[in-house]
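Student: Just need the structure, nothing else, for what follows:
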Amino acid sequence: RLESEVERITNDLNKSHAVEIQLSIAKQSEELTASHGEELARLRSEMELSTSEAIAQATEKLATSHTTEIKKLQSELRAATSSEIECILADAEQQRVSEAECITNE
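Tutor: Next up is the predicted model:
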């Protein structure tokens, strides 16, 4: 009778201990899941911020590059236009001189 009582108490303690272990494991699992969720959210936020910064930097670099290229093309266009105008003016002057000579020779 004593042995069966000891066995029952041992079984109860074992069951109680097993329940405590399961509850402890469940609690630790919940805490770990929550911690991982927080860490994932933090990493996601950092990644989004990093991506936004990278996009902003790339956009700024591209805008600067385009501005530089546009200024270069404008300068080339001004030089070409100026050269063309000089040629037109020279042709007009030559034509004026030729016409003046024709009038003078008549």
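Student: Kindly provide the distance from the most centrally placed residue in the chain to Glu48.
Tutor: Nearest residue to the geometric centre of the chain (C-alpha atoms, centre = their mean): Ile55, 2.5 Å. Ile55 sits 10 Å away from Glu48, going by C-beta to C-beta, to the nearest Å. The way it works is simple: take the backbone N, C-alpha and C, and place the C-beta from them, glycine included.
Student: same check, this time on Leu73
Tutor: The value you get for Leu73 to Glu48, if C-beta to C-beta is used, is 37 Å.
Student: What average pLDDT does the helix or strand hosting Ala79 get?
Tutor: Ala79 belongs to helix 2-105 when elements are defined using DSSP states H and E. Here helix 2-105 scores 90 as its mean pLDDT.
Student: What is the burial count for Ile21?
Tutor: Neighbourhood size, Ile21 [other C-beta atoms under 10 Å]: 10.
Student: Show me what counts as buried in stretch 4-14.
Tutor: Counting neighbours by 16 or more other C-beta atoms under 10 Å, one finds that stretch 4-14 has no buried residues.
Student: For it, output the C-alpha coordinates as CSV.
Tutor: Output of stretch 4-14 as CSV, limited to C-alpha atoms (Å, rounded to 0.1, in the frame of the first residue of the first chain):
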residue,chain,number,x,y,z
SER,A,4,1.5,2.2,-4.4
GLU,A,5,1.1,5.6,-2.6
VAL,A,6,4.8,6.4,-3.3
GLU,A,7,4.3,5.3,-6.9
ARG,A,8,1.2,7.5,-7.2
ILE,A,9,2.9,10.5,-5.7
THR,A,10,5.9,9.9,-8.0
ASN,A,11,3.6,9.7,-11.0
ASP,A,12,1.8,12.9,-9.9
LEU,A,13,5.1,14.7,-9.5
ASN,A,14,6.4,13.4,-12.8
